[in-house]
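A.B. asks: got a structure for you, letters missing:
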Ligand SMILES: Cc1cc2nc3c(=O)[nH]c(=O)nc-3n(C[C@H](O)[C@H](O)[C@H](O)COP(=O)(O)OP(=O)(O)OC[C@H]3O[C@@H](n4cnc5c(N)ncnc54)[C@H](O)[C@@H]3O)c2cc1C
Ligand code: SF4
Ligand code: SF4
Ligand code: FES
């Protein structure tokens, strides 16, 4: 059942490189990452690629396959024709270290800029009580495997290096939404999302949602609701004051608004 | 070539659950802590854990408590566990899970708003805290975010986020450094290279915590990732520490078997905990035929009783699909051997008709996704094909239960790289909780060790030079043997000869093969440069995989009984005499693996009294039973 596939893989380091052509065996059921591994073992032992789980759970193997951001381990060879040439390149928005491996430190920097979970001081471990329905919204965002493909496709930084400073990218704007929707988080995150992490740059193109391998509705469920909350706040300061008083009273931890 | 130098109080090697929890503890106790890991931050193996973390919180069944959990753990390990570890684990797991919640984790909930708990093999009550089937992701992300929170605190206090805790990601440690060559010489640091640049790096530190995970990459069919090359096991041996229980490897009963490229990828036990059943090619629910003598009174004997159990656990016995993993793996193996397997050499696992399609997708989202994307199978409509896969090593660094200290001063270990806690077989869900309980303890152990230390041990120029030479050697052998081939050969050897069912002559053959591979590994070369060169990295990992494989094969050959994750075709029975023996691996000065027998310490009186006589008599010797009788009489 095996056949020979044509691959073009970006090779290079230190800002230079080119597409290299390979002809490589493919067997039934294989994914692109399997083929990259076969190249390593048989033709290009120093070909650099990140991976860990090979099951779409760790978000290490992000790459662009025929120009589309994909997880190498979840892209089956059967989705291509046998005589297609498959082009594999590194994520475009981040600087290349070597071959398919990029420098994703931007994402870790941004993660550190988002203020952490802030529970009320008087709730002890073991005393948290939350209803399933109240945790589900944030749980959706916590499915994120940090493949950083949403940040990679977002045009705000993909095409504008200069915006990287001011824009946390969909991954971390969603992190703010996740904390904001956490039933026990008491920090006020709405202004901050807008003013310090660049929520305003997002013009809801939904490119991030389209590439998310976890099928998280980043735009509809995180970014748009955050934008609405920011607007609410602008017109109605009482909304937020009300929320905080309501929360602190401890009658129910559910955060609304 | 210049070597980058760093000075820390504690260096934690590994950023999975154990490593992160250890680092958090060391930092919380005011120690300057480095976390070093081979992958990016947040991608360690722990991220793959699916089913949950076991902790006797009693949220679903209030009858649960630490004593029940302790008993289950000892039973699961066939009483070979380090009982002190099993005790600490059962007592502290709940606090560790609750602590995660206070750091932002969002577990699935019960109706009254508490953390929900699910059934798992070998656990008497629903016990696993979980988030769908992505619990490991929640655990690692929460700990990662806790590290970030501490860094934010340090930023406020000291103007430097990395003043007290810093992550060195994509950095591989190749050697532990010591003040001198003798086994009891204290740790003085660790040596390695940056994967991204190939630059060499030396950490000057009196305390090192190993949290490097497992060894599965020595096998062909495995649920483990590339990181699992047994580095920590080998680093410990090379530093003079001891490994115990290396013969016990858990083959998880349900790995994917088709297509070939995904063979081994895990199918979580939650599928069975959530009503999934195993059937052979004749459609028979075969697990009823495989209930072993020691578990006879705890498992249902009819499908009706088994099915009632999910809703009424007090009035019924458990379905045999939920036997401990070693039993289920062997049963599947036997069915396939008897010709009753599925088309691709596994058996059928199905939830079709047992949960509604919507419920299947909600409770088992990543399984649904995984089968759909990788095998074109819709698990709401079709059965999965599954078979055993190399999953977890029970063996590891011999440590002090309370502090995680190894026999080498300044060297600590926690998580999968440590040994003892799980005895001969680990229960599902007991690893994630183990990481938290003993990660914290090792971090605290390292901090206490530092407090009692008069002076920092020094790194000699000589040890540094040795480490450097070893690390760069493959690069200078560009025309050498292909490391990928040596690796594949090792995997085949271990898979075929030291797998789930073992025979003396096959293990001897394996040892011979490993010896030859060692020679070949010494001549492997890596063409290309220093920057992110996987061929070079693999050439260095081979040393570790070969050392660990040798330990596994040697110990397995010596243990002439079958117990948990060690099944001997030529010694099929469990032996009460062997239960009292631990096999302890060490390196001779010449670099050979040597094994000695050690006595398994007897359980403390109040702990052994938690078991009834009938059960104990299945495991222990007549002498031990007489001691037990005397004890009971006294009280
Ligand atoms: C698919 C799967 C599902 C599982 N599901 C469950 C479950 O539901 N419940 C449960 O309790 N257990 C489960 N387990 C087992 C459990 O996940 C692991 O045993 C556990 O995560 C190991 O954690 P750890 O902290 O010891 O190591 P890991 O999380 O594996 O981390 C090891 C770390 O060490 C680093 N490292 C290794 N070598 C070096 C080196 N030389 N230099 C620097 N860094 C190094 C790695 O980069 C990594 O950061 C599962 C395992 C698998 C494979
Ligand atoms: S929706 Fe917003 S965040 Fe997402 S890609 Fe478009 S602009 Fe970027
Ligand atoms: S939100 Fe989705 S696309 Fe973005 S990093 Fe997370 S998993 Fe990847
Ligand atoms: S290797 Fe983990 S997501 Fe692809």
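C.D. replies: It's in. Please read all numbers here as calculations on a predicted model, not as lab measurements. Ligands and ions are numbered 1, 2, ... in the order given.
A.B. asks: give me the residue from the stretch 251-400 of chain B nearest ligand 2.
C.D. replies: In the stretch 251-400 of chain B, the residue that lies nearest ligand 2 is residue B:369 (22.0 Å; CB to the nearest ligand atom). Where C-beta positions appear, they are placed from N, C-alpha and C, glycine not excepted.
A.B. asks: for that residue, which non-adjacent residue is spatially closest?
C.D. replies: residue A:56 (7.0 Å; CB to CB, 6 or more residues apart in numbering or on different chains).
A.B. asks: so for that neighbour, what's the pLDDT?
C.D. replies: Per-residue pLDDT puts residue A:56 at 92.
A.B. asks: show me the contacts for it.
C.D. replies: A:71, A:73-74, A:145, A:213, B:366, B:369-370, B:373 (CB atoms under 8 Å, 6 or more residues apart in numbering or on different chains).
A.B. asks: any chance of these in CSV, plus pLDDT, neighbour count and distance to residue A:178?
C.D. replies: Below are the contacts of residue A:56 laid out as CSV (pLDDT from 0 to 100; neighbours: other CB atoms under 10 Å in any protein chain shown; distance: CB to CB, whole Å):
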residue, pLDDT, neighbour count, distance to residue A:178
A:71, 97, 28, 21
A:73, 95, 28, 25
A:74, 94, 20, 23
A:145, 97, 24, 14
A:213, 96, 23, 18
B:366, 83, 21, 19
B:369, 89, 20, 20
B:370, 89, 26, 24
B:373, 88, 19, 25
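A.B. asks: which residue ranges form the strands in chain A?
C.D. replies: A:3-13, A:16-26, A:62-65, A:68-71, A:85-89, A:96-98, A:101-102 (DSSP state E).
A.B. asks: out of those strands, nearest to chain B?
C.D. replies: strand A:96-98 (4.2 Å; CB to the nearest CB).
A.B. asks: hmm, that closest one in reach of chain B?
C.D. replies: Yes. Using CB under 8 Å from any CB of the partner chain, strand A:96-98 reaches chain B at A:97-98.
A.B. asks: show me the contact partners of that strand.
C.D. replies: A:10, A:12-13, A:15, A:17, A:48, A:90, A:102-103, B:196, B:531-532.
A.B. asks: just stretch B:484-497 next, same as before
C.D. replies: Under CB under 8 Å, 6+ apart, the answer for stretch B:484-497 is A:40-42, A:45, B:217-221, B:390, B:506-507, B:509-510, B:513-514, B:517, B:520-521, B:524, B:535, B:538, B:541-542, B:545-546, B:549, B:552-553.
A.B. asks: what about the nearest residue to residue B:379 once chain neighbours are set aside, which SS state?
C.D. replies: Among residues not flanking residue B:379 along the chain, residue B:371 sits closest, at 5.1 Å (CB to CB, 6+ apart). Following DSSP: H, G, I helix; E, B strand; the rest coil, the label given to residue B:371 is helix.
A.B. asks: okay, buried residues for stretch B:489-509 please.
C.D. replies: B:489-491, B:493-495, B:497-502, B:506-507, B:509 (16 or more other CB atoms under 10 Å in any protein chain shown).
A.B. asks: and if you look at stretch A:38-51?
C.D. replies: Applying 16+ other CB under 10 Å to stretch A:38-51 flags A:38-41, A:44-51 as buried.
A.B. asks: same question, stretch B:245-262
C.D. replies: B:245-259, B:261-262.
A.B. asks: span of stretch B:342-355 from start to end?
C.D. replies: 23 Å (CA to CA, to the nearest Å).
A.B. asks: any part of it near chain A?
C.D. replies: No. For stretch B:342-355, no contact with chain A is found by CB under 8 Å from any CB; the gap never falls below 10.2 Å.
A.B. asks: averaged pLDDT, that stretch. What do you get?
C.D. replies: On average, stretch B:342-355 scores 94.
A.B. asks: buried ones in it?
C.D. replies: So stretch B:342-355, judged by 16+ other CB under 10 Å, has buried residues B:342, B:346-352, B:355.
A.B. asks: kindly report the same for stretch A:175-191.
C.D. replies: For stretch A:175-191, burial by neighbour count (16+ other CB under 10 Å) applies to A:175-186, A:189-190.
A.B. asks: in TSV, list the residues you listed along with pLDDT and distance to ligand 4.
C.D. replies: Formatted as TSV, the buried residues of stretch A:175-191 follow (pLDDT from 0 to 100; distance: CB to the nearest ligand atom, whole Å):
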residue	pLDDT	distance to ligand 4
A:175	98	19
A:176	96	24
A:177	96	23
A:178	97	20
A:179	97	24
A:180	95	27
A:181	96	26
A:182	97	26
A:183	96	30
A:184	97	30
A:185	97	28
A:186	95	34
A:189	92	29
A:190	84	33
